[in-house]
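In: Kindly return the folded structure for what I paste below:
(chains A and B)
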Amino acid sequence: MLMKRPLLAVAAATALMASTALAGAETLRWARAGDSLTLDPHSQNEGPTHALSQQIYEPLISPDMEAKPIPALATEWGVKDGDPNVWVFKLREGVKFHDGADFTAEDVVFSFNRAKMESSDMKELLVSIKEVRAVDDYTVEMETDGPNPILPNNLTNLFIMDKGWAETHGVEAPAEFDTGEETYAVRNANGTGAFMLESREPDTKTVLKANPDYWGKGEFPLEVTEIIYTPIQNAATRVAALLSGEVDLIQDVPVQDLQRVSDADGLKVDNAPQNRTIFFGINSGDDDLANDNVDGKNPFSDVRVRKAMNMAIDRDAIKMVVMRGQSAPTGVIIPPFVNGWTEDLDKYPKADVAAAKALMEEAGYGDGFEVTLHCPNDRYINDEAICQAMVGMMGQIGIKVNLIAQTKANHFPLISGKETDFYLLGWGVPTFDSEYVFNFLVHSTTDERGSWNGSRFSNPEVDDMIKSLGSETDIEKRDDTISKIWQIVQDEQVYLPVHNQVLNWGMKDNVNFPVQPEDQPHFKFLQYN
Amino acid sequence: MLAFIIRRVAQSVVVLLVVGLVAFSLFRFVGDPVENLLGQERTIADIERVRSQLGLDQPFPVQYFKFLKGIVVDGNFGVSYRQGRPVADIIAERAPATLELAFVSAVFALVLGISLGVYTAIRRDGWLSNAVMTLSLVGVSLPTFLIGILLIYVFAVELGWLPSFGRGETVKIGGWTTGFLTASGLKALILPAITLGLYQMTLIMRLVRSEMLEVLRSDYVKFADARGLPSRRIHFRHALKNTLVPVITITGLQLGSIVAFAIITETVFQWPGVGLLFINAIQFVDIPVMATYLMLISVLFVTINLIVDLLYFSIDPRLKADGSAGGGH
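Out: Predicted structure coming up:
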């Protein structure tokens, strides 16, 4: 017996050493509701798809964990001296793709041209770019049609592929939907990122391994050496997998399970406001509505009715009851990190039914009217429940709302087809600048702009101001125009803002990983306590 | 017999074509795939371009005809809108997961269903029989997803014995991935198989029990008993065999529903089979995947029906006698 004790101690010490040695090899098991749709970096402009691509591929300028742009494949960038129409990017030297090929300017030129092709889903972000040219191996110039002061903001999900690799595998263009074949880039990837693709079974499991030659060694923690990504669609199962220790991090904890997860031993929930505002759109532009019971005129065209509706929304009640505290009520349709946001805009009126009713009376709708509200039921957090609350709140001021809640695949075509007069929409701002919101939601609907403007709000002056933002290089003047436009949007009550969503990530409590506002984890930043 | 088979196959083709037509007429109510295909930054022109590229601007009979033409002429089921890969490849990749799960569930349901059915029929008033009968009510009345969640909660979260999701480690043999050859694969099968098979098991059990009770009351069983045959022989050789005709019909049809209703179980357990694929396809309005899946499921049902009809021939000699005249079950 006595003999054995030292032996045990030795065994224990060896085991301890083994485990410290293993601490260098950390596997992170990551789950979220949906899988990436494709590994082709230019095929889908969609959240979960970009989130996976960000681990493997890199853009010139990458968002960090606060969604702030930091240098990735470009080390410096700026407008060319003497030519406001040209942006110059200095590229990082000595970077290699996962297959060993060198990263140079021709890869950047190739990737941008690829992303501008018709079958690319990223082309809208690059419309202002006329030409991308390599000056030397590590300098790229981008010429825009007119000055584009916020071009770099559009490039954070614009991934760089290796030209040679793409040519070898016949993937010089993103796949068209009707080709009838799978292209090589859908399930294979060759990027410069911190992780390399090990294996991928779509909708089932994707394994990534740390890139041993990553350029960012020393710059980022890079503590994770292997990532196993499994989509788990069912919310209850996803939470169960976290609770039972089968996964280490889940990205979408349903609000009703937050308590359960944070109470569990060894787990925690972190949250952060998301880059997505939820609001109601109202058709104020048409002469008559298709979905109401008022003949010959449009009650929403009266700003007093819109103001009354805005006043009748009890945002705090929606936060407490519908969202279980997980939302940030707001009075404007942009989240706080977007350029143009101010505390003043964010202020929202306390619900005041009496004043709202008086306004309705004043507008001649004291007896109210009937209207249909369209709502998605599988897109935003508790979207249908928000609309149900809205039905009650509008009822208080005499607006009888008929709610139609349906799947997003049925809901969104109603907005783009201008078939709904009253609808729920959520909007994120990937460029972190108000211009993006104005272009899609405030500008009159034309071929290039206003494709999501279901409010039919149309003001030529505002349109001109929005257009001027695209090429205004004087930042102060530009910000001034932005604030002017917001003032009009608020005064006219073009939209009825509700709240900014809050993201909740559930994880092991030894994981130190802040929640990213765009719901995009960058695992090179992950640290273990 | 041959004429019968030919006639049934011809009928099956008509059924398939009708299923496809109905399916295509319903797809536009599922939603518009174009919004899912294009990002938030799409323009109106993009929407129109993609819509015409995919032929979504055509009336549904035209879309259906194009789909059928693709299958007949090129043997091509189209390309998934969601994954950008040929539907045939995706389904071939996913089918093993569903088939293995369905197989294990069916075996579980049959073995346990028949033995418990026989047991509860023979020991009609035993306390164990009564307990089993009462419990089986749970299996019939609780919805599948709830049973699945309950099992996950007990065996994965609280006890930590079994995995809550996925298929575990799989081994690839040719084009087939199997979970039968690894410990984690087998463990991963247990909960989904019980969830999927529970309803079928209770159904078979109750059916076998009531048929057995009927048969046990019949004269030939009484005579056999009077002749002094051992009761084991009476129960299993004579009584059970005669209860099997309806059991085979029901089981056959249930086998089809096991595969078809695997949708819910697969969603709860994130089981990477065709059911989960179908759910994803619906959410995305991935028409080629939805259409192919529905066609495949109808082929499955039609085939099973045909096999069940043929099995009747071999089990029930009376059908053989007038087989040329009838057969239209």
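In: CA only for contacts and neighbour counts going forward, please
Out: Fine.
In: now chain A, which segments are flagged as low pLDDT?
Out: Low-confidence segments of chain A (pLDDT under 70): A:1-24, A:177-180.
In: in it, which strand has the most residues?
Out: As assigned by DSSP state E, the longest strand anywhere in chain A is strand A:267-282.
In: For stretch A:281-289, which residues meet the burial criterion?
Out: Buried residues in stretch A:281-289, defined by neighbour count with 16 or more other CA atoms under 10 Å in any protein chain shown: A:281, A:282, A:283, A:284, A:285, A:286, A:288, A:289.
In: starting at the chain centroid, how far to that stretch?
Out: Mean-position distance between stretch A:281-289 and its chain equals 28 Å (CA atoms, centre = their mean, to the nearest Å).
In: Need the residues that contact that stretch.
Out: A:295-298, A:300-302, A:420-425, A:454-458, A:494-496 (CA atoms under 8 Å, 6 or more residues apart in numbering or on different chains).
In: Just the buried residues out of these, in PyMOL syntax.
Out: Only the buried entries of the contacts of stretch A:281-289 go into this PyMOL selection, using 16+ other CA under 10 Å:
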select buried, chain A and resi 298+300+301+302+420+421+422+423+424+425+454+455+456+457+458+494+495+496
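In: Which members of the contacts of stretch A:281-289 are positioned in helices?
Out: Among the contacts of stretch A:281-289, DSSP state H puts none in helices.
In: Mark which of the contacts of stretch A:281-289 are part of strands, please.
Out: Per DSSP E, those map to strands at A:422, A:423, A:424, A:425, A:495, A:496.
In: can you map out the strands along the stretch 1-150 of chain A?
Out: With strands called from DSSP state E, counting those that start in this stretch, the stretch 1-150 of chain A shows them at A:26-32, A:61-63, A:69-71, A:74-79, A:86-91, A:129-136, A:139-144.
In: Adding distance to residue B:127, write the ones in strands among the contacts of stretch A:281-289 out as TSV.
Out: Shown next, in TSV, are the ones in strands among the contacts of stretch A:281-289 (distance: CA to CA, whole Å):
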residue	distance to residue B:127
A:422	62
A:423	59
A:424	58
A:425	59
A:495	67
A:496	64
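In: Provide a list of residues in contact with residue B:203.
Out: B:113, B:140.
In: Distance check, it against residue B:116.
Out: Separation of residue B:203 from residue B:116 (CA to CA, to the nearest Å) stands at 11 Å.
In: And residue B:241, by the same measure?
Out: 16 Å.
In: So which residues on the stretch 1-150 of chain A come close to chain B?
Out: Remark: the part of the stretch 1-150 of chain A in contact with chain B comprises A:37, A:38, A:44, A:45, A:46, A:121, A:124, A:125, using CA under 8 Å from any CA of the partner chain.
In: If we use 6 Å, what do you get?
Out: Neighbours of chain B within the stretch 1-150 of chain A, by CA under 6 Å from any CA of the partner chain: A:37, A:45.
In: Who does the helix or strand hosting residue A:230 pair with, and is each partner parallel or antiparallel?
Out: Per DSSP states H and E, residue A:230 falls inside strand A:224-231. Note on strand A:224-231: by DSSP bridges, its sheet partners are strand A:26-32 (parallel), strand A:205-210 (antiparallel).
In: With respect to residue A:56, which of the ones you listed lies nearest?
Out: Among the strands paired with strand A:224-231, strand A:205-210 comes nearest to residue A:56, with 8.2 Å by CA to CA.
In: Phi and psi next, for residue B:138.
Out: With angles defined as degrees, to the nearest 10, residue B:138 sits at phi -60, psi -50.
In: List the contacts of residue B:161.
Out: residue B:155 (CA atoms under 6 Å, 6 or more residues apart in numbering or on different chains).
In: Look up how far chain A lies from residue B:308.
Out: 35 Å (CA to the nearest CA, to the nearest Å).
In: how about that residue, secondary structure?
Out: Here residue B:308 is recorded as helix under DSSP: H, G, I helix; E, B strand; the rest coil.
In: Disregarding flanking residues, what is the spatial nearest neighbour of the closest residue to chain A within the stretch 101-250 of chain B?
Out: Proximity of the stretch 101-250 of chain B to chain A (CA to the nearest CA) peaks at residue B:157, 4.5 Å away. Nearest residue to residue B:157 in three dimensions, chain neighbours excluded: residue A:244, at 4.5 Å (CA to CA, 6 or more residues apart in numbering or on different chains).
In: Just give me the neighbour total for that neighbour.
Out: Number of residues near residue A:244 (other CA atoms under 10 Å in any protein chain shown) recorded here: 22.
In: Could you check how far the residue nearest to residue A:66 when sequence neighbours are not counted is from chain B?
Out: Using CA to CA, 6+ apart and skipping the chain neighbours, the partner closest in space to residue A:66 is residue A:516 (5.6 Å). Plainly put, residue A:516 is 20 Å away from chain B if you go by CA to the nearest CA.
In: Surely residue A:516 is in contact with residue A:64?
Out: No. Residue A:516 lies out of contact with residue A:64 (CA atoms under 6 Å); the separation is 8.1 Å.
In: coming back round to it: quick one, which of residue B:241 and residue B:116 is more surrounded?
Out: residue B:116 (22 against 14).
In: Give the burial count for residue 210, as a bare number.
Out: You didn't say which chain, so I picked chain A. Using other CA under 10 Å, the number of residues around residue A:210 comes to 24.
In: wrong one, chain B
Out: Count around residue B:210 with other CA under 10 Å applied: 17.
In: tally of neighbours for the nearest residue to it once chain neighbours are set aside?
Out: Spatial nearest neighbour of residue B:210, chain neighbours left out: residue B:121 (7.2 Å); criterion: CA to CA, 6+ apart. Counted with other CA under 10 Å, residues neighbouring residue B:121 total 23.
In: before we move on, back to that, what pLDDT does the model give the residue of the stretch 101-250 of chain B closest to chain A?
Out: pLDDT, residue B:157: 90.
In: Residue A:516 and residue A:64: who's more crowded?
Out: Set residue A:516 next to residue A:64 and count neighbours by other CA under 10 Å: residue A:516 wins out with 22 against 19.
In: any idea which residue sits dead centre in chain B?
Out: residue B:259 (2.1 Å; CA atoms, centre = their mean).
In: Spell out which parts of the stretch 151-300 of chain B neighbour chain A.
Out: B:156, B:157, B:164, B:268, B:270, B:272.
In: secondary structure class for the last one?
Out: Following three-state DSSP, the label given to residue B:272 is coil.
In: Can you mark which positions in stretch A:163-181 are buried?
Out: For stretch A:163-181, by 16+ other CA under 10 Å, it's A:163, A:165, A:166, A:171, A:172, A:173, A:174, A:175, A:176, A:177, A:180, A:181.
In: Now do it: distance from first to last residue.
Out: Termini of stretch A:163-181 sit 21 Å apart (CA to CA).
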